[in-house]
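Chemist: structural data only, the sequence is not supplied:
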């Protein structure tokens with residue numbers, strides 16, 4: 001997998017916390033920051049997918065795809081993200097089409 005460098009300016013207090021937690025995890029700063037970014041991106045994708053689903057812009061199946069989760073994983077997360085099943089015949093047709 002190709003990698004690129006990304007830089008960001010952080011406050012010194014944030015850098016100190018990163019250094020402290022990286023040390024506690026026995027990781028170098030770079031590896032720890034990658035771990036944080038990966039975890040944050042995963043959470044963001046789930047939140048974004050549920051926002052689109054709640055706004056009626058995507059089906060539950062599509063939300064699962066956006067989040068990078070299985071349909072069952074997304075269903076299991078619905079309560080945590082205060083989402084409710086909005087499912088009608090059109091959604092079923094779309095999900096069946098996507099599943100093919």
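Modeler: Nice, thanks for sending it over. In this text, all values refer to a predicted model and were calculated from it rather than measured experimentally.
Chemist: make it CA atoms for all contacts and neighbour counts henceforth
Modeler: Fine.
Chemist: report all helices and strands that the helix or strand harbouring residue 31 contacts.
Modeler: Per DSSP states H and E, residue 31 falls inside helix 29-54. On a contact count with 3 or more Cα pairs under 8 Å, 6 or more residues apart in numbering; DSSP states H and E, helix 29-54 meets helix 12-24, helix 60-67.
Chemist: wait, isn't residue 61 in contact with residue 95?
Modeler: Yes. The pair formed by residue 61 and residue 95 meets the contact definition of Cα atoms under 8 Å, at 5.8 Å.
Chemist: the more surrounded of these two?
Modeler: residue 61 (23 against 15; other Cα atoms under 10 Å).
Chemist: look up how far residue 69 lies from that one.
Modeler: Distance, residue 61 to residue 69, by Cα to Cα, to the nearest Å: 9 Å.
Chemist: name the helices or strands packed onto the helix-or-strand element of the chain with minimal mean pLDDT?
Modeler: Every helix and strand of the chain was ranked by mean pLDDT, DSSP states H and E. The lowest is helix 89-99, at a mean of 80. Counting by 3+ Cα pairs under 8 Å, 6+ apart, the packing neighbours recorded for helix 89-99 are helix 60-67.
Chemist: the helices and strands packed on helix 29-54: which one's closest to residue 44?
Modeler: Comparing the helices and strands packed on helix 29-54 by their distance to residue 44 (Cα to Cα), the top pick is helix 60-67, with 8.3 Å.
Chemist: now the angle between helix 29-54 and that closest one, please.
Modeler: Angle, helix 60-67 to helix 29-54, by axes from the mean of the first three to the mean of the last three Cα atoms, to 10 degrees: 160 degrees.
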